[in-house]
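Student: fold the stuff below for me.
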Amino acid sequence: MTTERLLQAREFAEQAGVTVRTLHHYDRLKLLRPSRYTSAGYRLYTERDFARLQQIVTLKFIGFPLKQIKEILDRDEFDLSEALCLQRQIIEEQRNHLNMAVHAIETAERMMKAGDEPGWEVFKKIIEVINMQKDMEWMKKYYTEEAQRKLKERGTPEVIEQGQRDWAALISEVREAVAAGEDPASEKSQALAERWSKLIEAFTGNDPEITEGLRKLYADQSNWPSTFQKPYTDDVGSFICEAQAARNNKK
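Tutor: Numbering: from 1, shown residues only. The predicted structure is shown next:
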């Protein structure tokens, strides 16, 4: 018969990499209660308490407040395996986001070392990448969990960055066509509309769930956060709609 190992608060704290004061604080909040006490009233923790502490540390790292962490861990339907899977996915997403931020800052550093003064576009890119996570969070509600999973699998930092460059270039060209009074039915406009469609297909992968999520997202523009900057103006959107309609009529 295996005897369960009991750790006093100091030893448990050292093993877990936290302070005794932190354990006392979590105990007061009823977030992490000692499994047992000595006859003298000292806290005793079991090795299984590490699982609960890991959940607290990870959820706190992700950004959950302690009150919400307690609510999550105390749920009757709480499943440790599912929780670990979800935490891994969230942290992987944050890692990808941080990698893009690092890459954007490295670009500015390389320009400085080469003696070039980074233009406003470089700093604008850093700001966009930093704010990207916040922008993506509110968009998730339009996509099913399966659609989010598929987007995450395909959305590597390299793919996202290339997509941003392609869209920025295309939107700029469409804006120029609008300013020049280009006919939406012209050959040039048709080529722009085709590129627009292909970039959307590159994002959705022609997946019905992702396509439906994107449709819901743009159909609900009136409820977009005021802090979110639409990637293109209404006149650009109208021009593309007219160009696509003219393109469809020719088929």
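
Student: where does the chain have low pLDDT?
Tutor: Residue ranges of the chain with pLDDT under 70: 1-3, 93, 97, 117-120, 122-137, 156-157, 226-229, 250-251.

Student: same thing but at 90, please
Tutor: Where the chain drops to pLDDT under 90, the residues are 1-7, 13-18, 38-41, 46-52, 55, 57-169, 190, 203, 217-237, 243-251.

Student: show me what contacts R247?
Tutor: Q190, A193, E194 (Cβ atoms under 8 Å, 6 or more residues apart in numbering). Every residue, glycine included, has its C-beta placed from N, CA and C.

Student: 10 Å - rerun?
Tutor: R247 makes contacts with P184, A185, S189, Q190, A191, L192, A193, E194, S197, as judged by Cβ atoms under 10 Å, 6 or more residues apart in numbering.

Student: using neighbour counts, trim the residues you listed to the buried set.
Tutor: Buried members of these, scored by 16 or more other Cβ atoms under 10 Å, are P184, S189, Q190, L192, A193.

Student: identify, from these, the entry nearest to E176.
Tutor: Distance to E176, by Cβ to Cβ, is smallest for L192 among the buried ones among the contacts of R247, at 9.8 Å.

Student: pretty sure the closest one is in contact with S186, am I right?
Tutor: Yes: L192 is within contact range of S186, at 9.5 Å (criterion: Cβ atoms under 10 Å).

Student: overlap of the contact sets of those two?
Tutor: A177, A243.

Student: got CSV for the buried ones among the contacts of R247, with secondary structure and distance to L31 too?
Tutor: Listed next are the buried ones among the contacts of R247 as CSV, based on DSSP: H, G, I helix; E, B strand; the rest coil; distance: Cβ to Cβ, whole Å:
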residue, secondary structure, distance to L31
P184, coil, 60
S189, helix, 60
Q190, helix, 61
L192, helix, 56
A193, helix, 56
